[in-house]
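Undergrad: The sequence isn't on hand, but the structure is:
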Ligand SMILES: [Zn+2]
Ligand SMILES: [Zn+2]
């Protein structure tokens, strides 16, 4: 019975084409202006328009003297709204800068070219941004430092002065 109802009216037949087309239009705008206010605006407007249509579905039908197809069309509208919103939200968050050679493991910021091999990310402040480092307390002062293979964890301040001229 469901399949009969699906193609039951011109509105639903039409929506089979219109729904995907509308979704792709919104997604395109989200991707085109990703990480920008414009993309977020397109996403919000795109979902709001569907919600409004669902809200006023009955009113529009009455005004145009269309037959009410019952809750199915509104259910389809709600589903469309959820799908458009979820996929659009993912697309609008796609990083807008090209893939980094050596990305920060937290925010994707390009670390390649920085002087330190495993630096603190200048963008988000993550320590050892290039690759996660096992930390262990310094045996001298107790502050966390990258764990040494031989277990003798020493921070820069506690390292024995290497051949420093005695004052
Ligand atoms: Zn970062
Ligand atoms: Zn120390």
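TA: Perfect, I can see it now. It should be emphasised that the depicted structure is a prediction, and the values quoted were computed from it without experimental measurement. Ligands and ions are numbered 1, 2, ... in the order given.

Undergrad: Now residue 153: closest residue in space, sequence neighbours ignored.
TA: Excluding the flanking residues, the one nearest residue 153 by Cβ to Cβ, 6 or more residues apart in numbering is residue 136, at 4.6 Å. C-beta: built from backbone N, CA, C; applies to glycine.

Undergrad: Got phi/psi on residue 31?
TA: phi -70, psi -40 (degrees, to the nearest 10).

Undergrad: Can you get me the centre-to-centre distance for stretch 40-57 and its chain?
TA: Remark: stretch 40-57 is offset 20 Å from the chain centroid, using Cα atoms, centre = their mean, to the nearest Å.

Undergrad: List the buried residues in it.
TA: 40, 42-43, 46-47, 50, 53-54, 57 (16 or more other Cβ atoms under 10 Å).

Undergrad: Now for these: which two are most distant?
TA: Greatest spacing in these, by Cβ to Cβ: 40 and 57 (26.1 Å).

Undergrad: In the chain, where is pLDDT below threshold?
TA: 1-13, 69, 97, 162-167 (pLDDT under 70).

Undergrad: what about residue 34, neighbour count?
TA: Per other Cβ atoms under 10 Å, the neighbour tally for residue 34 reads 20.

Undergrad: In contact with it: list those residues for me.
TA: By Cβ atoms under 8 Å, 6 or more residues apart in numbering, residue 34 lies in contact with 91-94, 96.

Undergrad: Tell me who's in contact with the residue nearest in space to the middle of the chain.
TA: Using Cα atoms, centre = their mean, the residue of the chain that lies closest to the mean C-alpha position is residue 93, 3.7 Å off. By Cβ under 8 Å, 6+ apart, residue 93 lies in contact with 34-35.

Undergrad: Would you quantify the distance from it to residue 138?
TA: Distance, residue 93 to residue 138, using Cβ to Cβ, to the nearest Å: 39 Å.

Undergrad: before we move on, what about residue 30?
TA: To residue 138, residue 30 is 48 Å away according to Cβ to Cβ.
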